[in-house]
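[1] Generate a structure from the sequence data that follows.
(chains A and B)
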Amino acid sequence: MKYIDEFRDGAVARTLSAKIAAQLQPARHYSFMEFCGGHTHAISRYGLSDLLPSNLRMVHGPGCPVCVLPIGRIDMAIGLALDHGVILCTYADTLRVPASGGLSLMKARARGGDVRMVYATQDALHIARSNPGREVVFFAIGFETTTPATALAVLTAQREGLTNFSVLCCHVLTPPAMQQILASPELQSGGVQIDGFVGPAHVSTVIGSEPYQVFARQFHKPVVIAGFEPLDVLQAVWMLVRQVNDGRAEVENEFSRAVEPQGNHKAQACMAEVFALRDSFEWRGLGVLAHSALKIRETYAALDAERRFQLEYQPVPDHKACECAAVLRGVRRPQDCAIFGNVCTPDNPVGSCMVSSEGACAAHYSYGRHQEGVA
Amino acid sequence: MSGIKPGYARALDLKHGQVDLTHGAGARAMVQLIAQLFARHLANDYLGQGNDGAVLPAPMLNGQPARLVMATDGHVVSPLFFPGGDIGSLSVHGTINDLAVMGATPLYLAAGFILEEGLPLADLDRIVQSMAQAARLARMPVVTGDTKVVERGKGDGVFITTTGVGVLPDGLELGGARARPGDVVLVSGTLGDHGVAIMSQRDNLSFSAPILSDSAALHGLVAQLLASGLDIRCLRDPTRGGLAATLNEIANQSGVGMMLQERAMPIKPVVAAACEFLGLDPLFVANEGKLVVICAAADAALALAALRSHPLGVDAAVIGEVRQDTRCFVQLTTALGGRRMVDWLTGDALPRIC
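    All right, here's what the predicted structure looks like:
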């Protein structure tokens, strides 16, 4: 814990806060997107916006795995539990995401679906080993952070000849999502201002810092890779402000204690062995993006739940009033949505951003609505 | 007892035996279970009469009939045995604490058992023994009870519902609607111990942390606090939903807001570490032996001293203050100096905690 406490030190935070304030040009407005939900959570949980000057705004990005998962993908998982009778293993965050027909995995469970929360892919493997007579499917979601663990589970299952285990692969990739945001019409037209990115922490431990160079070079946006602790975020903001003031657009690494330029070779090799790029994948909020997600390679077809149960992806439109799509692109703030805090709350979420604690809407509702006065 | 020989010859096999459906069927097997297991541990004059209910004397305080407080609590904790306690002692503490935070002195307890077919009698014996010990320590006899058995798969070992009766001194009014702006919020000790202790035992979370549940009866601590004659507005035990749920309840009942200080929260380093690891916030994790106290600001120091002078309150701390806020928001100043809400828990982070 000592190692963590040092990154949550109040005195250091005040010093950093003062350094940021001193650095800002008063007439200028600064706007930075934190790509990851982990950063969104840290900003909200530690009340970091109170430590930032009023002409600096943090824009929440799409890096919340649960938030970008479209309804159709949750429907597939629910179908596996209810129609195919599998034991569906999932990370807790996906349990309450609203799906078609008023269902969620939690509600599917109440209807008799065998949906189990796991903390790790190893737990899902364990469940498969202990239930040889049942089909066990791991609902694999997340960016590059969680992907190596899924790859490892596939390799383990293959090695052990675990024939009742398979994976519903919904892993997505960070760089295409960042690219989509930068190429969005709102940003191109100047309707939305993003001066730079607080770059992913855990994702970057896997992929390294190199993949972000394109954003600095091609889009002239500074990227500072930052850890998920509050002092990491403040330090990264200070580094971004300096880049903007200097007219620089570089990839800098605040999270040097964990991120190497080339990333984690072992993890990358595991991923490359098991997964291939999908031609296209639908994201909530960002639409259908080419080469933005992973599928299981032919070699491991038997472990691919989509093939094994012949699942077809059916796109489902979001709730009409829900602004999750615009929130995920940084175009609107959670509190700008008409149903925020009244129809849509963490207890009765309409959109996915109100579900996970990393979702922009849930974070603002649970931690930040004292600033708005939403009862 | 009559001199007639009981209709069962072989003693209950407490080593290898299991609960079966006959133990709940109203037949001789049930009588045997009650006599050789429940009554053996829980024996007292009321229970010994073996009637359908217990006849109790009307409680008097200072020569006057006293007000009764009644509380009930169902217990479904999984696993049945956990570091620092088990469902037996927990089911006594749970109801005592509900009475204690009302300001009542606990008097009598009733217990209802739902047993699952196949439950080892040895486990049941341990549970009832632990229950008996907790009741004895609190001088709160189990005066009446009930046992039912459900088929295998229809329960999970044992569920216990306890109902308690206590007596409330005249003039003592405690309640969640009595917090006023300017009041001070105290907590009697470290937060989140019970929830993390339970979580460390769940089979899909194989981490072994040296964390004991804080399961304890709080009536002694409450008595000590109330004996100090301070202006206590409200007491509550922050169980499911943790401190956050309890403070939000009080804020809503009283129509006030609260401002807490993150730095002041007593949290064991090992609990903080486990929460960090599991993605939990200790403010939302259940306690089973902690007291939230709201009192007038002028009495805060004395209340703190009173809590700390009791073995269950040595880690007590002042953690915040009550504020005027028609939105009834519970807020927190973070260790970094920012502010945030401490909202209700959403969903259920951890089912079957108590």
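[2] Could I get the contacting residues of the residue of the stretch 251-354 of chain B found nearest chain A?
    Nearest residue of the stretch 251-354 of chain B to chain A, counting by C-beta to the nearest C-beta: residue B:338, 2.2 Å away. The way it works is simple: take the backbone N, C-alpha and C, and place the C-beta from them, glycine included. Shown in contact with residue B:338 (C-beta atoms under 8 Å, 6 or more residues apart in numbering or on different chains): A:46, A:47, A:48, A:49, A:50, A:51.
[3] Once you drop chain neighbours, what's closest to it?
    Setting aside the residues directly before and after it, residue B:338 is nearest to residue A:47 in space (C-beta to C-beta, 6 or more residues apart in numbering or on different chains), at 2.2 Å.
[4] what's the neighbour count on that neighbour?
    Using other C-beta atoms under 10 Å in any protein chain shown, residue A:47 has 25 neighbouring residues.
[5] And for residue A:340, the neighbour number?
    Neighbours of residue A:340 (other C-beta under 10 Å): 27.
[6] so how far is residue B:342 from it?
    Here residue A:340 is placed at a distance of 20 Å from residue B:342 (C-beta to C-beta, to the nearest Å).
[7] Just the pLDDT for residue A:262.
    Here the pLDDT value assigned to residue A:262 is 95.
[8] Am I right that it falls within a strand?
    No: if the criterion is DSSP: H, G, I helix; E, B strand; the rest coil, then residue A:262 is coil and not within a strand.
[9] that older thread, so the residue nearest to residue B:338 makes contact with residue B:336?
    Yes: using C-beta atoms under 8 Å, residue A:47 is in contact with residue B:336, at 6.8 Å.
[10] so which helix or strand takes in the closest residue to residue B:38 other than its chain neighbours?
    Excluding the flanking residues, the one nearest residue B:38 by C-beta to C-beta, 6+ apart is residue B:128, at 5.9 Å. In this structure, residue B:128 sits in helix B:121-137 according to DSSP states H and E.
[11] now the closest residue to residue A:315 other than its chain neighbours: how far from residue A:246?
    Of all residues not flanking residue A:315 in the chain, residue A:72 sits nearest, at 5.1 Å (C-beta to C-beta, 6+ apart). For residue A:72, the distance to residue A:246 equals 45 Å [C-beta to C-beta].
[12] Could you give the number of residues near the residue in the stretch 201-350 of chain A that chain B sits nearest to?
    Using C-beta to the nearest C-beta, the single residue of the stretch 201-350 of chain A nearest to chain B is residue A:346, 3.9 Å away. When neighbours are defined as other C-beta under 10 Å, residue A:346 has 22 of them.
[13] dump the residue contacts of residue A:158.
    A:300, A:303.
[14] quick one on the thing from earlier: which residues are in contact with the residue nearest to the residue of the stretch 201-350 of chain A closest to chain B when sequence neighbours are not counted?
    Nearest in space to residue A:346, with sequence neighbours left out and distances taken as C-beta to C-beta, 6+ apart, is residue B:346 at 3.9 Å. Residues in contact with residue B:346 (C-beta under 8 Å, 6+ apart) are A:346, A:347, A:362, A:366.
[15] If burial is judged by neighbour count, which of these pass?
    Buried by 16 or more other C-beta atoms under 10 Å in any protein chain shown: A:346, A:362, A:366, out of the contacts of residue B:346.
[16] and the host helix or strand of the second one, what other elements does it pack with?
    Taking DSSP H and E as the criterion, residue A:362 maps to helix A:360-363. Applying 3 or more C-beta pairs under 8 Å, 6 or more residues apart in numbering or on different chains; DSSP states H and E, we find helix A:360-363 packed against helix A:37-45, helix A:324-328.
[17] State the mean pLDDT of it.
    93.
[18] hmm, who's touching that helix?
    Residues contacting helix A:360-363 (C-beta under 8 Å, 6+ apart): A:37, A:40-41, A:43-45, A:60, A:64, A:67, A:324, A:327-328, A:333-334, A:337, A:340, A:344, A:346, A:349, A:351, A:353-357, B:346.
[19] Export the contacts of residue B:346 as CSV, with columns for secondary structure.
    Converted to CSV, those look like this (three-state DSSP):
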residue, secondary structure
A:346, coil
A:347, coil
A:362, helix
A:366, helix
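[20] For the residues you listed, give me CSV that also has distance to residue B:59.
    CSV is the format used below for the contacts of residue B:346 (distance: C-beta to C-beta, whole Å):
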residue, distance to residue B:59
A:346, 45
A:347, 42
A:362, 49
A:366, 45
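[21] which one in those residues is the model shakiest on?
    Scoring the contacts of residue B:346 by pLDDT puts residue A:347 last, at 86.
[22] Grab the nearest non-local neighbour of it.
    residue B:346 (5.9 Å).
[23] Secondary structure class of the one you found, three-state.
    coil.
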